[in-house]
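1. Sequence plus the predicted model coming up.
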Amino acid sequence: MLGGVLLVPACGGLLIGASFAEDWGWTDVRVLGAFAIGVVSFAVWVWRERVVPEPMINLRLFRHRKIVLTTVATLAVGVGLMGTTSLLGPVVLQLPASAPSASACRPARQGRRR
């Protein structure tokens, strides 16, 4: 249970720091404080997970190359899919009507013959 409690400020600090850095500035005390809280909490979480007999994530598994490569590949696929969904979708949907791919995005054109 303590592992989950420590993981919340670790993720939260990093996410809050990254989210507000554009508005407040990367060198703002609040942003640097959020990053510091995130990094310190993450370090304490890693230490705690290595000490407890039944950790949330067994960090010793990352000694195996196959597990590390599978985790990195899964992360890359997830980031790639999320990136294409969130970035390319709006770009394609904002094409002018004269563009060949823009007409395929309009539901009224589907199933209509010329």
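-> Perfect, thanks for sending it.
2. and stretch 53-62, how far out from the chain's middle?
-> Relative to its parent chain, stretch 53-62 has a centroid offset of 22 Å by C-alpha atoms, centre = their mean, to the nearest Å.
3. For that stretch, buried residues please.
-> When neighbours are counted by 16 or more other C-beta atoms under 10 Å, no buried residue of stretch 53-62 is found. Glycine gets a C-beta too; all of them are placed from N, C-alpha and C.
4. Quick check, central residue of this structure?
-> Of all residues in the chain, the one closest to the mean position by C-alpha atoms, centre = their mean is residue 79, 7.1 Å from it.
5. Give me the residues contacting the helix or strand harbouring that one.
-> Using DSSP states H and E, residue 79 sits within helix 65-83. Here helix 65-83 makes contact (C-beta atoms under 8 Å, 6 or more residues apart in numbering) with 61-62.
6. and the next element down the chain from it?
-> Criterion used, DSSP H and E; the element after helix 65-83 is helix 89-93.
7. In CSV, list the C-alpha atoms belonging to that next one.
-> The C-alpha trace of helix 89-93 is given here as CSV (Å, rounded to 0.1, in the frame of the first residue of the first chain):
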residue,chain,number,x,y,z
GLY,A,89,-6.4,13.3,-36.7
PRO,A,90,-6.9,17.0,-36.2
VAL,A,91,-4.5,17.8,-39.0
VAL,A,92,-6.3,15.7,-41.5
LEU,A,93,-9.8,16.9,-40.4
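8. helices or strands up against it?
-> If you count contacts as 3 or more C-beta pairs under 8 Å, 6 or more residues apart in numbering; DSSP states H and E, helix 89-93 packs onto no helix or strand.
9. quick one: that helix to chain centroid distance?
-> With C-alpha atoms, centre = their mean, you get 21 Å for helix 89-93.
10. which parts of it are buried?
-> So for helix 89-93, nothing qualifies as buried (16+ other C-beta under 10 Å).
11. Lovely, talk soon.
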